[in-house]
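Participant: model the following, please.
(one chain, ligands or ions: 1)
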Amino acid sequence: MRQILLLNGPNLNLLGQRQPEIYGRETLADVVAACTKLAQGFGLSLVAHQSNREYELIDWIHHARGQAAGLIINPGAFTHTSVALLDALNAFEAPVIEVHISNIHKRESFRHHSYVSLRAEGVIAGCGVQGYELAVQRLARLIG
Ligand code: CA2
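Facilitator: The predicted structure follows:
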């Protein structure tokens, strides 16, 4: 089965446990379960990882080269800081969809710029955790 990779960056392990007014009440496990089910309907398998460490996210992107047919990433705060993550994504050949649970453009100005958007085929922001499912649908369309 063709594989897609779902990566989540720092603090997203706290999903559903803190700040529900911004990030909602669903946990990361709920998100992964929903995306896995949706992906399977498109004939795709899904592998998911979360880390608070930049290098782990980079290593998973490296390992996905030649393996994954597409990548969904919510880089958390690394979105706004990490040229290293952008470089890793630039070395990944398949489609990339960037997801933000909140609308980063409605928040503090330091969240308005994304290094990852320079690489992503698509960006979904402000759709809550539903954004992850929209990203699976988009990747399925792009992968064909
Ligand atoms: O809106 C998003 O998905 C963000 O990527 C989330 C990041 C933030 O730094 C970005 O600007 C936008 C923060 C993730 C923090 O996740 C938490 C989840 C629940 C409780 C506390 C933090």
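Participant: now do the contacts for Val96.
Facilitator: 70-73, 89, 116, 119-121 (CB atoms under 8 Å, 6 or more residues apart in numbering). In short, each C-beta sits where N, CA and C put it, glycine included.
Participant: let me see the ranges of the strands in this protein.
Facilitator: Applying DSSP state E to the chain gives strands spanning 2-8, 44-50, 70-74, 96-100, 122-125.
Participant: packing partners for the first one?
Facilitator: For strand 2-8, the packing partners by 3 or more CB pairs under 8 Å, 6 or more residues apart in numbering; DSSP states H and E come out as helix 28-41, strand 44-50, helix 54-64, strand 70-74, helix 130-143.
Participant: so Ile143 sits against Ile72, correct?
Facilitator: No: using CB atoms under 8 Å, Ile143 and Ile72 do not qualify as a contacting pair, with a distance of 11.8 Å.
Participant: more neighbours: which of those two?
Facilitator: More neighbours surround Ile72 than the other of Ile143 and Ile72, with 30 against 16 (other CB atoms under 10 Å).
Participant: test my guess that that one contacts Asn8.
Facilitator: No: if you go by CB under 8 Å, Ile72 and Asn8 don't touch, sitting 9.1 Å apart.
Participant: these two touch, right, Arg138 and Gly122?
Facilitator: Yes: with contact defined as CB under 8 Å, Arg138 counts as touching Gly122 (5.6 Å).
Participant: which residues do those two both contact?
Facilitator: Ile97.
Participant: what residues of the helix or strand of the chain with the lowest mean pLDDT count as buried?
Facilitator: Using mean pLDDT, DSSP states H and E, helix 20-23 stands out as the lowest-scoring helix or strand of the chain, at a mean of 93. Residues Tyr23 are the ones in helix 20-23 that count as buried (16 or more other CB atoms under 10 Å).
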